[in-house]
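Participant: predicted structure and sequence below. I'll ask about it afterward.
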Amino acid sequence: MNNTTNSQLTNRRTFLWQAGLLTSAAFLGSAFESRKKFKLGLQLYTMRDAMAKDPKGSLKRFAEIGYEEFETYGFDAANGKYYGYDAKEFYKILSDLNLTTSSGHYDLTQFVNKSNDELKRYIDQCIEGAQALHQEYITWPWLDPESRTIDKFKIVAEKLNLIGEQVKQANLGLAYHNHDFEFIDHNGQIGYDIITKETDASLVKLQMDLYWIAKASKLAPHEWFLKYPGRYVMWHLKDMDKVSKDYSEMGNGSIDFSKIIPDTELAGVKHIFVEQGGNFKVDPFDSITVSANYVRKNFSEYFIERKKK
């Protein structure tokens, strides 16, 4: 074999080796990037006092802490307003801060005992607001105490299917958010089974509150994800105080999130929101900072760093 042939073989081996490295790097980089797909979200109910006093200033501080998207609450349907602002005006406030909102908690429990026509009119208002904010989901967040019987859960399931069809026509999604009362035993039945089994999975998605699942469900989050893979499009990250069992800052409580976060793909998660309904050990702004830092430090591969303007 002459020198020219040797040189050609060497060059070919070098090329194949380098190409292999590049392909592997591209694959690994792609896999890594595919996991960094979630903005760090915050359910604004956590900071309801701050939002009531100074929405603009509060949003700016949330952004500085590192939160990039939000879930709204408290929609004023009669006036089409969020936190005192017209929906389009509120959207501009978010956009100017390079922020987004992907979901909203809307007051749907009031329609459990009302006509479907009344519900439809309200959903039309919610759709208009959600579209103005460029939200993806309208979320049913709560059931009042009178609506927590098995018969009422069946009515809720029917309403959810109706709403799901209505919002689908508007290119939006619907999700149901759990608390603890869905897991109360009613002679061998629980409300959550009715919500999950008697709704159309293509129309009604689920928002899992990890705190309430840990506190009330006999099944761990992973078991629910196995039962309904791809249906849990949103999570609420909320920790549990080790002593009082009340809410806690992320990382200060007893829930082992390292066993939950890796299930994002199985669950079908698209958005993740930190939430702490109360029991702030310090100033609420400090509490959401503790939670943001914990999430970033421990699960950085799953979250996109906030992009500042």
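Facilitator: Cool, got the structure.
Participant: okay, domains of this structure per the record?
Facilitator: 1-35, 37-302 (automatic domain parsing).
Participant: pick the most deeply packed of these.
Facilitator: domain 37-302 (a mean of 18; mean count of other Cβ atoms under 10 Å). C-betas here are computed from N, CA, C, even on glycine.
Participant: related to what we said a few turns ago, could you dump the domains of the chain to TSV with mean pLDDT?
Facilitator: Formatted as TSV, the domains of the chain follow (pLDDT from 0 to 100):
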stretch	mean pLDDT
domain 1-35	45
domain 37-302	98
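Participant: show the subsequent helix or strand relative to the helix or strand harbouring residue 266.
Facilitator: Per DSSP states H and E: residue 266 is located in helix 264-267. Per DSSP H and E, the first helix or strand lying C-terminal to helix 264-267 is strand 271-274.
Participant: can you give me the strands in the stretch 201-309 of the chain?
Facilitator: In the stretch 201-309 of the chain, the strands defined using DSSP state E, counting those that start in this stretch lie at 204-209, 232-237, 239-240, 247-248, 271-274.
Participant: next, format those as TSV and append distance to residue 261.
Facilitator: Shown next, in TSV, are these (distance: least, Cβ to Cβ, whole Å):
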stretch	distance to residue 261
strand 204-209	12
strand 232-237	9
strand 239-240	13
strand 247-248	17
strand 271-274	9
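Participant: which one of those strands lies nearest to residue 92?
Facilitator: strand 271-274 (21.4 Å; Cβ to Cβ).
Participant: can you name every helix or strand that the closest one contacts?
Facilitator: For strand 271-274, the elements it packs on are strand 40-43, strand 69-72, strand 100-105, strand 232-237, helix 284-299, judged by 3 or more Cβ pairs under 8 Å, 6 or more residues apart in numbering; DSSP states H and E.
Participant: what sits up against that strand?
Facilitator: If you take Cβ atoms under 8 Å, 6 or more residues apart in numbering as the criterion, strand 271-274 is touched by 38-43, 46, 67, 69-71, 102-103, 136-137, 233-238, 250, 264, 288, 291-292, 295, 303.
Participant: please report how far the residue nearest to residue 258 when sequence neighbours are not counted lies from residue 260.
Facilitator: Spatial nearest neighbour of residue 258, chain neighbours left out: residue 298 (7.2 Å); criterion: Cβ to Cβ, 6 or more residues apart in numbering. Per Cβ to Cβ, to the nearest Å, residue 298 is found 12 Å from residue 260.
Participant: now the common contact residues for these two.
Facilitator: Contacts common to residue 298 and residue 260, judged by Cβ under 8 Å, 6+ apart, are absent.
Participant: for residue 155, which non-adjacent residue is spatially closest?
Facilitator: residue 112 (5.9 Å).
Participant: who's in contact with the one you found?
Facilitator: Residue 112 touches 143-144, 147, 152, 155-156, 159, counting by Cβ under 8 Å, 6+ apart.
Participant: go again using 7 Å as the cut-off
Facilitator: 147, 152, 155-156, 159 (Cβ atoms under 7 Å, 6 or more residues apart in numbering).
Participant: nearest to residue 219, of the residues you listed?
Facilitator: residue 156 (20.4 Å).
Participant: return the helix or strand containing the closest one as CSV; C-alpha atoms alone will do.
Facilitator: Using DSSP H and E, residue 156 maps to helix 150-169. Provided in CSV are the C-alpha atoms of helix 150-169 (Å, rounded to 0.1, in the frame of the first residue of the first chain):
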residue,chain,number,x,y,z
ILE,A,150,-70.4,11.9,44.4
ASP,A,151,-73.5,13.2,42.6
LYS,A,152,-72.0,16.6,42.3
PHE,A,153,-68.7,15.2,41.0
LYS,A,154,-70.7,13.5,38.2
ILE,A,155,-72.3,16.9,37.3
VAL,A,156,-68.8,18.5,37.3
ALA,A,157,-67.6,15.8,34.9
GLU,A,158,-70.5,16.5,32.6
LYS,A,159,-69.7,20.3,32.7
LEU,A,160,-66.0,19.7,32.1
ASN,A,161,-66.8,17.8,28.9
LEU,A,162,-69.1,20.6,27.7
ILE,A,163,-66.4,23.2,28.5
GLY,A,164,-63.7,21.1,26.9
GLU,A,165,-65.6,21.0,23.6
GLN,A,166,-66.3,24.7,23.7
VAL,A,167,-62.7,25.8,24.4
LYS,A,168,-61.4,23.3,21.9
GLN,A,169,-63.3,25.1,19.2
